[in-house]
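[1] When you get a sec, could you give me coordinates for this:
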Amino acid sequence: MAWYDPSWTYRAKITVDSTKVSGDLSDYVVYVDMSDFGSGHGIWSNVKSTGADIRMTKADGTTELPREIVFINTGSKTGELHFRASGTLSGSSDTDFYIYYGNSGASEPAQSATYGEHNTWINHIWVHHMQEAVDALEDSSASEVDDEASSTGTASVAGKLAGYCHEYNGSNSSVFETGVTTYLRPSSALSMEAWFYADATNDRVIMYHGDSTNKGWGIWLYGGYLRASIGTGNGNVWTYLTYTISGNISTGTWYHVVVTWNGSTAKLFLNGSEVDSYSHSGTMSYSTTQAFIGARAAQNKWDGKLDEIRLADIGLSDSWAPTAYNNQNSPSTFYTIGSEETDAAGATFIPKMQII
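    As a prediction, this is how the structure comes out:
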């Protein structure tokens, strides 16, 4: 088996279970909860404390993949890693990947580098892991639409994914907004994704970029429904995607919501299952300059927790939502992590370039 680079001393195999992948997916972003390595795994003794030496490859051991380290703590043996399974993640046969580490001289790839953070999220235009303080949120996508307004929610609470999320109280907090939203205005297709945990379910916004004429996009709890909208306004208001809350959504519980629109069909998924859809074609229009997490302007402020807010400018396939739910809800059953290997075990280093 070929080895990525002799400067990286260690690696471990990560195998994605095809039964957890709803169908073949292109450029799916795999989430790894690094606590799944276990406290006795060699990675915790040999990886840099910043995770800067972590590299991901395909099954051949040499083809590098883009990755993002949201955080790593070698003391507590925790961390949050995302990597893009460039090409196809199979829904019919297990897929192997390798994580390399153990290079004290390695540095963190630049955000815009080929294998850096931005290229992990090539289908996305807004990615917030909700790890940072509420007035310092960072966008992991190439849009780099970071927090540009003060907010007063709480960040230091355990999230659905590894690390922190934001918790809001429904009154004087729960507002995140940005004034730079030209990047957040997909016109012909889009997808939205979030994890939400409600302390109250009456008229509460999860994410929103719209106005009173129903232009724009949004997901919220309203009138007894989980509701999503993708609208053009100007008398051409699209039917809301809706799902009844009563008996289906409870306070104090995490839920995963995905909305997709491929230009002709809009769909609403909850915990990986499709719960509503409608057909419509058209072009999105926008009349406001602000997008929000946890509010609609100064109204309908979220009461509870929000994690992993994402917006894509493509209509993600029907297999994406159930796969993402399986991956993020129970990462330890989505993949298996092998024991530590070294290049001394007989692997061969194949140079990335040879000069003849």
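
[2] so the residue nearest to residue 54 when sequence neighbours are not counted bridges to which residues?
    Once flanking residues are discounted, residue 54 sits nearest to residue 101: 5.3 Å by CB to CB, 6 or more residues apart in numbering. All C-beta atoms are positioned from the backbone trio N, CA, C, and that covers glycine. Counting by DSSP bridges, residue 101 forms beta bridges with residue 10.

[3] Help me confirm that residue 101 comes into contact with residue 53.
    Yes: applying CB atoms under 8 Å, one finds residue 101 in contact with residue 53, separated by 5.2 Å.

[4] so what sits against both of the two?
    By CB atoms under 8 Å, 6 or more residues apart in numbering, residue 101 and residue 53 have these common neighbours: 8, 47.

[5] Could you list the low-confidence segments of the stretch 201-350 of the chain?
    212-214, 232-239, 289, 344-350 (pLDDT under 70).

[6] Tell me where the stretch 51-200 of the chain has strands.
    Under the criterion DSSP state E, counting those that start in this stretch, the stretch 51-200 of the chain contains strands at 55-57, 64-65, 67-73, 78-89, 95-101, 124-128, 154-158, 164-169, 176-178, 190-198.

[7] okay, now the residue nearest to residue 54: neighbour count?
    21 (other CB atoms under 10 Å).

[8] can you put the strands of the stretch 51-200 of the chain in JSON lines and add mean pLDDT and distance to residue 301?
    Formatted as JSON lines, these follow (pLDDT from 0 to 100; distance: least, CB to CB, whole Å):
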{"stretch": "strand 55-57", "mean pLDDT": "98", "distance to residue 301": "38"}
{"stretch": "strand 64-65", "mean pLDDT": "98", "distance to residue 301": "39"}
{"stretch": "strand 67-73", "mean pLDDT": "98", "distance to residue 301": "26"}
{"stretch": "strand 78-89", "mean pLDDT": "97", "distance to residue 301": "27"}
{"stretch": "strand 95-101", "mean pLDDT": "98", "distance to residue 301": "40"}
{"stretch": "strand 124-128", "mean pLDDT": "95", "distance to residue 301": "17"}
{"stretch": "strand 154-158", "mean pLDDT": "78", "distance to residue 301": "14"}
{"stretch": "strand 164-169", "mean pLDDT": "90", "distance to residue 301": "7"}
{"stretch": "strand 176-178", "mean pLDDT": "62", "distance to residue 301": "11"}
{"stretch": "strand 190-198", "mean pLDDT": "97", "distance to residue 301": "12"}
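
[9] For residue 42, which of those is the nearest?
    Closest approach to residue 42 among these (CB to CB): strand 95-101, 9.0 Å.

[10] Outside of the closest one itself, list whatever touches it.
    4-5, 8-16, 18, 21, 30, 32, 43, 46-48, 53-59, 61, 65, 81, 83, 85, 89.

[11] same for the lengthiest helix in the chain, what does it pack against?
    Determined from DSSP state H, the single longest helix within the chain is helix 320-329. Under the contact definition 3 or more CB pairs under 8 Å, 6 or more residues apart in numbering; DSSP states H and E, helix 320-329 sits against strand 25-33, strand 190-198, strand 254-261, strand 265-270, helix 331-334.

[12] So what are the sheet partners of the first one and their directions?
    Here the strand partners of strand 25-33, with direction, are listed using DSSP bridges: strand 78-89 (antiparallel).

[13] In PDB, list the C-alpha atoms belonging to the strand it pairs with.
    In PDB, the C-alpha atoms belonging to strand 78-89 read as follows (Å, rounded to 0.1, in the frame of the first residue of the first chain):
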ATOM      1  CA  THR A  78     -11.800  15.400  21.400                       C
ATOM      2  CA  GLY A  79     -12.200  17.200  18.100                       C
ATOM      3  CA  GLU A  80     -14.300  17.900  15.100                       C
ATOM      4  CA  LEU A  81     -13.100  17.000  11.600                       C
ATOM      5  CA  HIS A  82     -14.800  17.400   8.200                       C
ATOM      6  CA  PHE A  83     -13.300  16.100   4.900                       C
ATOM      7  CA  ARG A  84     -14.700  16.100   1.400                       C
ATOM      8  CA  ALA A  85     -15.000  12.600  -0.200                       C
ATOM      9  CA  SER A  86     -14.000  13.900  -3.600                       C
ATOM     10  CA  GLY A  87     -15.700  12.000  -6.300                       C
ATOM     11  CA  THR A  88     -18.300   9.400  -5.200                       C
ATOM     12  CA  LEU A  89     -19.100   8.100  -1.800                       C
END
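
[14] Residue 302 is in contact with residue 170, isn't it?
    Yes: here residue 302 lies in contact with residue 170, judged by CB under 8 Å, at a distance of 6.5 Å.

[15] Pick out whichever of these two has more residues nearby.
    It is residue 302, of residue 302 and residue 170, that has more neighbours when counted by other CB under 10 Å, with 32 against 19.

[16] will you turn the helices and strands packed on helix 320-329 into CSV that also has distance to residue 73?
    Below are the helices and strands packed on helix 320-329 laid out as CSV (distance: least, CB to CB, whole Å):
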stretch, distance to residue 73
strand 25-33, 12
strand 190-198, 21
strand 254-261, 22
strand 265-270, 32
helix 331-334, 17
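
[17] And these: which comes nearest residue 216?
    When the helices and strands packed on helix 320-329 are compared (using CB to CB), the closest one is strand 190-198, at 10.3 Å.

[18] which helices and strands does that closest one pack with?
    strand 204-210, strand 215-222, strand 254-261, strand 303-312, helix 320-329.

[19] and if we set it to 7 Å?
    With contacts taken as 3 or more CB pairs under 7 Å, 6 or more residues apart in numbering; DSSP states H and E, strand 190-198 sits against strand 204-210, strand 215-222, strand 254-261, strand 303-312.
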